[in-house]
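Have a look; sequence and predicted model below, questions after that.
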Amino acid sequence: MTTTVLRWLLPPRTSWEARKLVRSSYGNLTFDAAWRAARVRLCPDEAPYQRHGHTRPANRTL
């Protein structure tokens, strides 16, 4: 299963809010980003996880 499918199945209220955000942004916001924004708004204790997946990888040299 993809992340999007899991996010639709597990917390439906968050997914519903995310879908509304995507529609209101006229395609300028991805469902993934909208889902995280909705989740943080509905569950503020999860704010540290909001940036997960949105940081640049560390510049590693071997």
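That came through fine.

what about residue 17, how many neighbours?
Residues near residue 17, counting by other CB atoms under 10 Å, number 18. (C-beta placed from N, C-alpha, C; glycine too.)

any idea which helix or strand carries it?
Using DSSP states H and E, residue 17 falls within helix 12-24.

so what does that helix touch, helix or strand wise?
Packed against helix 12-24 by the contact rule (3 or more CB pairs under 8 Å, 6 or more residues apart in numbering; DSSP states H and E) you find helix 3-9, helix 31-42.

mind checking which of those helices is nearest residue 18?
helix 31-42 (4.0 Å; CB to CB).

Check which residues of that closest one are buried.
Using 16 or more other CB atoms under 10 Å as the test for burial, helix 31-42 gives 31, 33-40.

how far off helix 12-24 does that helix point, in degrees?
120 degrees (axes from the mean of the first three to the mean of the last three CA atoms, to 10 degrees).

Now helix 31-42: average pLDDT?
Averaging pLDDT along helix 31-42 gives 86.

That one packs against which elements?
Right, helix 31-42 is packed against helix 3-9, helix 12-24 by 3+ CB pairs under 8 Å, 6+ apart.

Least confident of the ones you listed, on average?
Among the helices and strands packed on helix 31-42, helix 3-9 scores lowest, with a mean of 70.

sorry, back to before: can the helices and strands packed on helix 31-42 go into a markdown table with extra columns for distance to residue 45?
Putting the helices and strands packed on helix 31-42 into a markdown table (distance: least, CB to CB, whole Å) gives the following:
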| stretch | distance to residue 45 |
| --- | --- |
| helix 3-9 | 18 |
| helix 12-24 | 14 |
